[in-house]
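Undergrad: Pasted the sequence and its predicted model underneath.
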Amino acid sequence: MSACREFWQRLCPGWIASGSAVVFGVAVWSAPALAYRPFDGTDAAVAAPGEVEIELQPAGRLRDQGTTTLVAPATVFNFGLSEGWEAVFEGQGQRPLSPQGPTSLTAAGAFLKHVLQPGSLQDKSGPSIATEFGVLLPDSTGNSGVGASLAGIISHRWDWGTIHLNGEMALTREHHGDVFVGTIVEGPSKWVVRPVAEVFYENEFAKTKTISGLIGLIWQVRDNLSFDVGLRHALTNGHPVNELRAGLTFGFPLSMFGGRSQQAR
């Protein structure tokens with residue numbers, strides 16, 4: 001969740017095409033993954049030890065105050081470290097289209113996520129509770145510095161759907177205090193295509209206030225592969241921001257590569 005709210009991203013079409021080819025090649029061998037695209041928040045679950053989960057948005061579109069921006073790619077890598085722990089690395093490309101501008105890397109960060117209390121997301125009773133904390137890394141352009149964030153997540157799954165509650169405090173890259181609170185609601189997890197929605201409020205003190213809503217769909221192709229699409233509308237300091245998000249989530253065991261290396265010897 002942590003740096004995802006600063007999604008002003010960009011990159012070139014050639015990178016997107018090659019990245020997509022890699023994604024589809026690896027997805028055939030994938031292990032189970034949870035899709036917490038296309039949200040700004042996240043869930044109270046982590047990758048299993050030795051597993052990798054990748055959330056990828058090959059391309060998206062952001063419209064803010066007359067400027068159209070290509071969001072491509074937006075990527076999150078989740079690495080299962082041990083039972084209940086994962087490392088998270090993320091970043092986004094951003095390329096203004098109208099007016100045109102240079103490509104930059106933004107919203108980069110490195111985090112640790114830990115399940116404090118296993119619950120319904122771990123096939124146990126009661127809510128799942130997790131925390132995520134880490135550093136926000138400087139953007140590739142501008143004068144931003146290093147920030148930090150600390151988040152708490154509560155998730156619970158019922159037969160009719162799932163709810164995720166997110167709360168976060170941060171020191172932004174511009175060294176402003178920031179508070180984020182959000183709620184994700186999903187349809188039944190057994191549905192192949194389930195409707196999803198998210199609302200959040202964020203206050204970056206002395207800079208911006210944002211109220212945001214998103215509606216979308218997640219298509220669970222199989223346990224190890226899902227696709228998503230979302231439409232987001234927000235008011236930031238009273239002016240509208242509109243965004244189209246589309247991507248996929250897939251996972252695979254690191255042992256898959258180790259096994260092949262052994263055979264090659």
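TA: Received it, and whenever you're ready, just let me know what you need.
Undergrad: From Leu137, how far out is Pro99?
TA: In this view, Pro99 and Leu137 are 27 Å apart by Cβ to Cβ, to the nearest Å. Any C-beta I mention is one placed from the backbone N, CA and C, and that applies to glycine too.
Undergrad: how about Val88, secondary structure?
TA: What DSSP: H, G, I helix; E, B strand; the rest coil gives for Val88 is strand.
Undergrad: Could you check which of Pro99 and Leu137 has the larger neighbour count?
TA: The neighbour comparison of Pro99 against Leu137 (other Cβ atoms under 10 Å) goes to Leu137, with 21 against 8.
Undergrad: list the contacts for that one?
TA: By Cβ atoms under 8 Å, 6 or more residues apart in numbering, the contact set of Leu137 is 91, 108-110, 146, 173.
Undergrad: Can you name the residues that contact Thr236?
TA: For Thr236, the contacting residues are 64, 208-210, by Cβ under 8 Å, 6+ apart.
Undergrad: let's see it at 10 Å
TA: Listed by Cβ atoms under 10 Å, 6 or more residues apart in numbering, the contact partners of Thr236 are 64-65, 202, 204, 207-212.
Undergrad: Quick check: the two most widely separated of those residues?
TA: Longest distance between any two of the contacts of Thr236 is 17.4 Å, between Gln65 and Glu202; criterion Cβ to Cβ.
Undergrad: Of the two, give the one with the bigger neighbour count.
TA: Neighbours around Gln65 and Glu202, counted as other Cβ under 10 Å, are more numerous at Glu202. The numbers are 20 against 9.
Undergrad: The more buried one touches Asn237, doesn't it?
TA: No. Glu202 is beyond contact range of Asn237, at 11.4 Å (criterion: Cβ atoms under 10 Å).
Undergrad: Give me the common contacts of the two.
TA: The contact sets of Glu202 and Asn237 overlap at 208-210 (Cβ under 10 Å, 6+ apart).
Undergrad: which one among the residues you listed gets closest to Phe77?
TA: Proximity of the shared contacts of Glu202 and Asn237 to Phe77 (Cβ to Cβ) peaks at Thr210, which lies at 26.0 Å.
Undergrad: and the helix or strand hosting that closest one, which strands flank it?
TA: Element membership of Thr210 [criterion: DSSP states H and E] is strand 208-222. Strands that pair with strand 208-222, judged by DSSP bridges, come out as strand 193-204 (antiparallel), strand 225-236 (antiparallel).
Undergrad: Tell me the buried residues in that strand?
TA: 210, 212, 214-216, 218, 220 (16 or more other Cβ atoms under 10 Å).
Undergrad: And the average pLDDT for it is what?
TA: Over the span of strand 208-222, the pLDDT mean works out to 97.
Undergrad: Might you list the low-confidence residue ranges for the stretch 1-150 of the chain?
TA: Within the stretch 1-150 of the chain, the stretches with pLDDT under 70 are 1-35.
Undergrad: The stretch 151-265 of the chain now?
TA: 259-265.
Undergrad: list the contacts for the residue nearest to the spatial centre of the chain?
TA: Nearest residue to the geometric centre of the chain (Cα atoms, centre = their mean): Arg37, 5.2 Å. Counting by Cβ under 10 Å, 6+ apart, Arg37 touches 4, 55-57, 74, 76, 196, 216, 218, 226-230, 245-249.
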